[in-house]
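Visitor: test case, fold it:
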Amino acid sequence: MTGIHGTGRPVRWLVTGAGGKLGRDLTAVLGADPRAEVTALRRADLDITDRAAVRAVVPGHDVVVNTAAWTDVDAAERAEDAATEVNGTAVRHLSEACAASNAHLLHVSTDYVFAGDAVTPYPEDAPTAPVNAYGRSKLAGEQAVTSTLPDTGYVVRTAWLYGEHGRDFVKTVLSRTAAGAPMSIVADQHGQPTWSRDLAVLLARLGRAALAGDAPPGIYHGTASGRTTWFGLAREILALARRDPGLIHPTTSAAFPRPAPRPAYSVLAHHRWSACGIAAPPPWQESLARALRNRPHPWEGESPKDPGTGSPRAARGDG
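Guide: Take a look at the predicted model:
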């Protein structure tokens, strides 16, 4: 595709939450495409809970990618209404604005919409049953997209994000073990560590396929292939960093009591990508190795306060 609908005009993208981990990677990926014209808005530029502001900024764009979110899982348990305003109501504002301007919407969601009681990967159409307020707020956003934009709305669920920008579990492990200190990491939560740059590339490909009419609307899973535990991930991080994986000791979720329960199993299947000619995400080990090879030095400079579970920490704003 040389441009929008083959006309040669650049595809006009709007990225919300552009100051966050995923938003920054997506802005960079799109910025490298000469066929793309990108408007990248941080929370300081656009508060997606402001309906009037959203309606003013969406027109004129072909694809809107929403990476803005409330991601503090435990804080959502104490302030569910506030979390839902960002993750649910604001997404409805975006959906309505896209419907009014004939734009496609790609909305980033989460594995936390599932109960976590499965034993095989969740397909895209599996019943949802979130076990915490954060998951319920994100499910509200999914429902806003699919109900408002049945023909031009896309939900991309992801999980266990790490990358160059911001805080995440990979940085925690690298930082805490730099001086040889041991760590106890939970071994009873199963998921898919996902490199934010891989997800950014996937979103860009999905947006282009959507405009070309090659991607059916609906729900997609944007996680790395394979599965592991936080314990398994931590050991792989140290092995790749040429440190002693023996510094990582297994423990249970019960050893790290939290206000919000976490799903024990949130491994996602990737059935729908083949329908639009897009390859499923690569194995998590392969992506982690590439991420660590490409990381700026020192990548371990920032770490969250909670190394036990590696759960999302950032609050309302850029995702």
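
Visitor: do you know how far the residue nearest to residue 177 when sequence neighbours are not counted is from residue 255?
Guide: Leaving aside its sequence neighbours, residue 177 sits nearest to residue 247 (CB to CB, 6 or more residues apart in numbering; 5.2 Å). Yep, even glycine has a C-beta here, placed from its N, CA and C like the rest. Noted for residue 247: a distance of 17 Å to residue 255, by CB to CB, to the nearest Å.

Visitor: so for the two, which sits in the more crowded spot?
Guide: More neighbours surround residue 247 than the other of residue 247 and residue 255, with 17 against 13 (other CB atoms under 10 Å).

Visitor: so the more buried one makes contact with residue 179?
Guide: No. Look at residue 247 against residue 179 with CB atoms under 8 Å: they stay out of range, at 10.3 Å.

Visitor: show me where the stretch 201-319 of the chain has its helices.
Guide: Assigned by DSSP state H, counting those that start in this stretch, the stretch 201-319 of the chain shows helices spanning 230-240, 284-294.

Visitor: so where's the stretch 201-319 of the chain shaky on pLDDT?
Guide: Applying pLDDT under 70 to the stretch 201-319 of the chain flags the ranges 296-319.

Visitor: ignore the last one, the stretch 1-150 of the chain
Guide: Checking the stretch 1-150 of the chain against pLDDT under 70 turns up 1-7.

Visitor: just the helices in it please.
Guide: With DSSP H, counting those that start in this stretch as the criterion, the stretch 1-150 of the chain has helices spanning 21-31, 51-57, 73-78, 80-84, 90-101, 133-148.

Visitor: tell me the buried residues in the third one?
Guide: Taking 16 or more other CB atoms under 10 Å as the neighbour-count basis, helix 73-78 is seen to contain the buried residues 73-77.

Visitor: nearest to residue 61 among those?
Guide: Using CB to CB, residue 76 comes nearest to residue 61 of the buried residues of helix 73-78, at 29.0 Å.

Visitor: just checking, residue 74 touches residue 259?
Guide: Yes. Counting by CB under 8 Å, residue 74 does reach residue 259; the two are 4.5 Å apart.

Visitor: can you list residues touching both of the two?
Guide: Residues touching both residue 74 and residue 259 (CB atoms under 8 Å, 6 or more residues apart in numbering): none.

Visitor: count residues in the vicinity of residue 107, would you?
Guide: Residue 107: 29 neighbours (other CB under 10 Å).
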